[in-house]
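Asks: Give me a model of this one.
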Amino acid sequence: MAKICICLTAKTIRRNLEILSKYRKFADMAELRVDCLDADERLYIRRFPELAGMPVILTIRRDIDGGYYSGGEGARVKLLARGLAYANDDSRFNFAYVDIEDDFDVPSLEEAARTFRTKIIRSYHNLQGTIDDIPAKIKSMQRSGDEIVKIAVSVNSTGDVLKVLKASKTCKAKDKIFICMGHYGIYSRILAEKFGSMLTYSSVLSENEIPGAPGQIDVKELAELYRFRKITKNTKVYGVVGNPLKVSISPWFFNTVIGLESTDAVYVPFPTNSINDFFEVANELDVQGLSITVPYKETVLSELANSSDAVKSIGACNTMYRNKEGWYGENTDCTGFSDSLLSFIGKKNLKYLKTTIIGAGGVARAVAAEIYRLGGKAVILNRTAHKAKTIASNYKFKWGGIDNNGIELMSKHNNIIIQTSSVGMEGYNDDDPISLYSFTGNEAVIDLIYTPPMTPFLKRAAAAGCKTLNGYDMVIRQACLQYKCFIGNEIPSQLLALIKTTGDNTWNKIRTG
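Replies: Here you go, the predicted structure:
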């Protein structure tokens, strides 16, 4: 199975060994980035494999390939030779691998490496993007059958990831490394086994003196949350689809449940800029289920073979899973929202209550449907007023823009105020979507964003004396419903209680923040 390689980029040998000692249990091998070492430290690299006590890759990455070595090629060759010199008959005391670029051509050094069983990783790096014919590039790189081919490219789109994934499946070599660098390629690092890669590179993000490659995942998170070492070709893959998908509770929640239940599955983030390209990726990886978030809850409808009545009536889907017909669509936002709302206000329905809904996206559609089902009246406000009108007309709700007229309507529908847009979400912006409105202190105010736990909108409401709630409760409720769609059984209440108190993670900090 694929291995975790921890990248060591500290400036001294001693510091690298300290980091390795602290995080050893999460890694299977290490990469010593000699180009990151101080110049005088580079003289002592030969003993590093012995001191490390695990297989080590020797790498001196040139600046043109995204590294930090800017000296001459002759000096770099001498430094590589220093690392491989005086090889020990016991291979544990030698570098297990040496990473050299596809244009590196020093036969004597390469032969010396082979003599003492140091495997050669022949690498190609492209920081600008992918290339059109990756299989042809792989073929041109292979000098001998014992070399490991490494392709590391920056991916600027989901289409780029798809290109690398398809190329990995055509490469017949047993040992190979494929890396999609950047935000869109994050799942290629988690699903290295599915991409046919022999290893994935990781680092200790909290202790890095020099940033790791774009998209690298913290080694502890990779090993513990995603249970990387247990991912096999038979492991079922689930995930969350969105863009830019910078913040999502879903990987933490689902992987925690999956781990506690000992289910052979993994749940990964799928940031995508093209839903069409993504579904090709999903087919290549045999993805079994998906949580759908901004901005694709309406876009994915065309991909569904069938769907629930809720999806058909609302026109938005937040859950997809495979059945015999193909992709089946469900909407768990509805029940997740209404259960959270009624618990918050302490009522069984919304009769005689008037609500303002801010936003007109997929979540707003689910919220509007539930407000109507529960007997409430509402106004829907959105910056683009005609989108608010489209939803409101289904339920004979009022609608408007976020302007003086809209604020006047809001003042007449302010028993409950529900913010459904992405405004205020971490990674988007820190604006207040209804800064024109003055809270009275009597409103029940919900912002369905959960990161940050208190948006500017929610802070202003709380300061005015309003009762407030963020989106954490709703997202957990709807995720429990998604889990049943994916796995086929409900999460036991005892397990759910355990999840809420498990682990040192961001989401526990948010709940207590």
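Asks: ok, the residue lying closest to Ser274 once chain neighbours are set aside to Met181 distance?
Replies: Using C-beta to C-beta, 6 or more residues apart in numbering and skipping residues adjacent in sequence, the residue nearest Ser274 is Thr158, 4.8 Å away. For the C-beta atoms, the positions are set from N, CA and C on the backbone; glycine is no exception. When C-beta to C-beta, to the nearest Å is the yardstick, Thr158 and Met181 sit 14 Å from each other.
Asks: residue contacts, the residue nearest to Ser274?
Replies: Tyr184, Thr272, Asn273, Ser274, Asp277, Phe278, Val281 (C-beta atoms under 8 Å, 6 or more residues apart in numbering).
Asks: Any chance of TSV for those residues, columns secondary structure and neighbour count?
Replies: What follows is those, written out as TSV (DSSP: H, G, I helix; E, B strand; the rest coil; neighbours: other C-beta atoms under 10 Å):
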residue	secondary structure	neighbour count
Tyr184	helix	28
Thr272	coil	24
Asn273	coil	15
Ser274	coil	15
Asp277	helix	18
Phe278	helix	26
Val281	helix	20
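Asks: out of these, which one sits closest to Tyr428?
Replies: Compare each of the contacts of Thr158 with Tyr428 using C-beta to C-beta and the shortest gap goes to Asn273, at 15.7 Å.
Asks: roughly how far apart are the closest one and Met141?
Replies: Shown here: Asn273 relative to Met141, a distance of 29 Å by C-beta to C-beta.
Asks: What of Arg92?
Replies: Remark: distance between Arg92 and Met141 (C-beta to C-beta) = 29 Å.
Asks: end-to-end on stretch 392-405?
Replies: Looking at stretch 392-405, the gap from its leading to its trailing residue is 16 Å under the measure C-alpha to C-alpha, to the nearest Å.
Asks: now the helices for the stretch 51-200 of the chain?
Replies: Counting by DSSP state H, counting those that start in this stretch, residue ranges of the helices within the stretch 51-200 of the chain are 73-84, 107-115, 134-141, 158-170, 186-190.
Asks: Could you tell me which helix of the protein is the longest one?
Replies: As assigned by DSSP state H, the longest helix anywhere in the chain is helix 472-487.
Asks: elements contacting it?
Replies: Applying 3 or more C-beta pairs under 8 Å, 6 or more residues apart in numbering; DSSP states H and E, one finds that helix 472-487 makes contact with helix 250-261, strand 287-292, strand 319-323, helix 333-345, helix 506-512.
Asks: Which among those is found nearest to Leu17?
Replies: With distances scored as C-beta to C-beta, the stretch of the helices and strands packed on helix 472-487 nearest to Leu17 is helix 506-512 (28.8 Å).
Asks: Pass me the low-pLDDT residue ranges in the chain, would you?
Replies: Applying pLDDT under 70 to the chain picks out residues 427, 500-513.
Asks: downstream neighbour of the longest helix of the chain in the secondary structure list?
Replies: Downstream of helix 472-487, the first helix or strand assigned by DSSP states H and E is helix 493-499.
Asks: contact partners of that following helix?
Replies: With C-beta under 8 Å, 6+ apart as the contact definition, helix 493-499 has outside contacts at Phe253, Thr256, Val257, Leu260, Glu261, Cys480, Ile491.
Asks: thinking the first one is in contact with Gln478, fair?
Replies: Spelled out, it's Phe253. No. Using C-beta atoms under 8 Å, Phe253 is not in contact with Gln478, being 10.4 Å away.
Asks: show me where the stretch 351-500 of the chain has strands.
Replies: Along the stretch 351-500 of the chain, counting by DSSP state E, counting those that start in this stretch, strands occupy 354-358, 377-381, 398-400, 416-419, 444-447, 467-469.
Asks: Can you lay out those strands as JSON lines showing mean neighbour count and distance to Ala388?
Replies: Conversion of the strands of the stretch 351-500 of the chain to JSON lines gives the following (neighbours: other C-beta atoms under 10 Å; distance: least, C-beta to C-beta, whole Å):
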{"stretch": "strand 354-358", "mean neighbour count": "25", "distance to Ala388": "8"}
{"stretch": "strand 377-381", "mean neighbour count": "26", "distance to Ala388": "4"}
{"stretch": "strand 398-400", "mean neighbour count": "21", "distance to Ala388": "4"}
{"stretch": "strand 416-419", "mean neighbour count": "25", "distance to Ala388": "13"}
{"stretch": "strand 444-447", "mean neighbour count": "25", "distance to Ala388": "18"}
{"stretch": "strand 467-469", "mean neighbour count": "19", "distance to Ala388": "23"}
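Asks: Pipe those into JSON lines and attach distance to Phe457 per row.
Replies: Compiled in JSON lines, these are given as follows (distance: least, C-beta to C-beta, whole Å):
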{"stretch": "strand 354-358", "distance to Phe457": "8"}
{"stretch": "strand 377-381", "distance to Phe457": "13"}
{"stretch": "strand 398-400", "distance to Phe457": "18"}
{"stretch": "strand 416-419", "distance to Phe457": "6"}
{"stretch": "strand 444-447", "distance to Phe457": "6"}
{"stretch": "strand 467-469", "distance to Phe457": "9"}
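Asks: Quick one: closest of those to Val34.
Replies: Of all the strands of the stretch 351-500 of the chain, it is strand 444-447 that lies closest to Val34, at 48.9 Å by C-beta to C-beta.
Asks: Pairing partners for that closest one, with directions?
Replies: With DSSP bridges as the test, strand 444-447 is paired with strand 416-419 (parallel), strand 467-469 (parallel).
Asks: Hmm, Ile418 is touching Ala368, no?
Replies: No. Contact between Ile418 and Ala368 fails when scored by C-beta under 8 Å: they sit 9.5 Å apart.
Asks: what do these two both touch?
Replies: Shared between the contact lists of Ile418 and Ala368 (criterion: C-beta under 8 Å, 6+ apart) are residues Ile357.
Asks: Apart from its chain neighbours, what residue comes closest to Met198?
Replies: For Met198, ignoring the flanking residues on the chain, the nearest one in space by C-beta to C-beta, 6+ apart is Asp175 at 4.8 Å.
Asks: Then Lys398?
Replies: Going by C-beta to C-beta, 6+ apart, Lys398 has Val379 as its nearest residue, at 4.1 Å.
Asks: tell me the contacts of the one you found?
Replies: If you count contacts by C-beta under 8 Å, 6+ apart, Val379 has them with 354-357, 392, 397-400, 406, 409-410, 412-413.
Asks: Quick check: beta-bridge partners of it?
Replies: Following DSSP bridges, Val379 is listed with bridge partners Thr356, Lys398.
Asks: How about Asn126?
Replies: Val153.
Asks: doesn't Asn156 make contact with it?
Replies: No. Asn126 sits out of contact with Asn156 when judged by C-beta under 8 Å, with a separation of 11.0 Å.
Asks: and Asn404, how many neighbours?
Replies: 10 (other C-beta atoms under 10 Å).
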